[in-house]
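J.: need a 3D model of the sequence below.
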Amino acid sequence: MNATKYYLAVISAFTIWGFFSVILKSLDSFPAFDILSYRSVFSAAIMLVITLFLRPKALKENKALFMSFTKKVKYRIIGINMLSGLFLALNWYIFIYVMNNVSVKATSLAYLICPILTMVLAYLILKEKLFKLQWFSVILSFVGCLLLSLGNFMDLFYSMVIAFSYAIYLVMQRKNQELGRFLVLTAQICFAVVLLFPFFMTYEFNTVKTSIFYGTILLIAVVFTIIPMYLNIYALKGLPSSVVGVFIYLNPIINFFLAIFYFHEEITLLQGLSYLLIIISIVIFNIPALKNRIHRRRAAHIQ
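T.: As a prediction, this is how the structure comes out:
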């Protein structure tokens with residue numbers, strides 16, 4: 001199996017998310033929960049329109065495929081997608097809660113912890129094999145995260161909660177391969193919005209919205225939500241969860257360099273060292289996969 005397209009998908013997904021802070025900065029005068037609410041509802045609405053009116057053939061084919069499964073498989077598909085929607089809703093809600101009530105740093109740290117949890121959960125739940133070198137990279141990245149959380153262990157706790165909700169979501173998608181990726185993502189996001197709806201109804205949206213706000217939210221929904229999430233679950237068709245998980249580090253690493261060169265923020269020596277350890281851990285983690293590809297190419301040439 002040629003894994004290049006899956007690597008391109010996962011790299012593209014997390015690279016797009018890495019630049020999310022640039023567009024989000026233009027909405028810094030609006031409450032975080034306002035952005036979450038409109039982003040999730042816009043995303044669900046757009047995906048529903050595409051599924052129902054632009055991809056009716058794919059919908060019909062997936063419906064026929066679903067009906068051909070046994071009752072046990074049908075229940076499993078429904079259950080895993082409802083759970084996926086639940087973990088998406090939890091991730092989105094807890095992320096905003098922590099951002100508003102704990103600290104922004106805790107949400108940033110979650111992006112660094114998530115790959116570690118994804119790799120460990122993939123090993124425990126999916127029995128995905130990790131080489132000794134990859135375990136070393138897990139430990140190295142964990143040390144980098146600990147250095148960033150020094151003196152802020154409550155931040156570390158909340159970061160773990162956010163990271164776990166998305167890590168378990170990623171791992172679940174490896175066992176959710178029967179139906180089309182776009183339809184699956186549509187169902188998950190719509191279910192997440194349904195679960196979040198009671199919070200939307202009780203929240204007071206006091207800030208006056210402008211045309212720029214709605215335009216930016218539309219951009220966020222399409223470019224920074226639907227496209228990267230689709231690329232993410234598409235990559236999981238051909239790559240182990242542990243491999244997809246490690247590429248999550250692209251997000252905070254891009255943010256780190258944007259903070260220095262674009263936003264001109266001051267970075268401490270400890271932060272620099274922590275991110276250096278994490279970058280090294282990514283390189284180390286992918287060494288076995290790179291060696292495997294080289295061996296396969298050599299074998300193909302010999303044949």
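J.: hey, let's count contacts and neighbours off CA atoms from now on
T.: Noted.
J.: number of nearby residues for residue 261?
T.: 10 (other CA atoms under 10 Å).
J.: residue ranges with poor pLDDT in the stretch 151-300 of the chain?
T.: Scanning the stretch 151-300 of the chain for pLDDT under 70 picks out 151, 289, 292-300.
J.: how about the helices of it, start to end?
T.: For the stretch 151-300 of the chain, helices defined by DSSP state H, counting those that start in this stretch occupy the ranges 153-173, 181-202, 211-221, 227-235, 241-246, 250-261, 269-302.
J.: residue 176 against residue 80, yeah?
T.: Yes. Contact criterion CA atoms under 8 Å: residue 176 and residue 80 qualify, at 7.0 Å.
J.: so for those two, which sits in the more crowded spot?
T.: Between residue 176 and residue 80, residue 176 has the larger neighbour count (other CA under 10 Å), namely 20 against 17.
J.: where's residue 52 relative to residue 2, distance?
T.: 32 Å (CA to CA, to the nearest Å).
J.: what's the burial count for residue 108?
T.: Residue 108: 17 neighbours (other CA under 10 Å).
J.: spit out the contact partners of it.
T.: Going by CA atoms under 8 Å, 6 or more residues apart in numbering, residue 108 touches 159, 252.
J.: try residue 16
T.: Counting by CA under 8 Å, 6+ apart, residue 16 makes contact with 223-224, 228.
J.: how far away is it from residue 87?
T.: Taking CA to CA, one finds residue 16 at 22 Å from residue 87.
J.: same thing with residue 133?
T.: Distance of residue 133 to residue 87, computed by CA to CA: 31 Å.
J.: ok, those two, which is more surrounded?
T.: More neighbours surround residue 87 than the other of residue 133 and residue 87, with 22 against 15 (other CA under 10 Å).
J.: can you give me the angle whichever helix or strand residue 8 is part of makes with helix 250-261?
T.: Here residue 8 sits within helix 4-18, counting by DSSP states H and E. Angular relation of helix 4-18 and helix 250-261 on a 0 to 180 degree scale: 40 degrees, by axes from the mean of the first three to the mean of the last three CA atoms, to 10 degrees.
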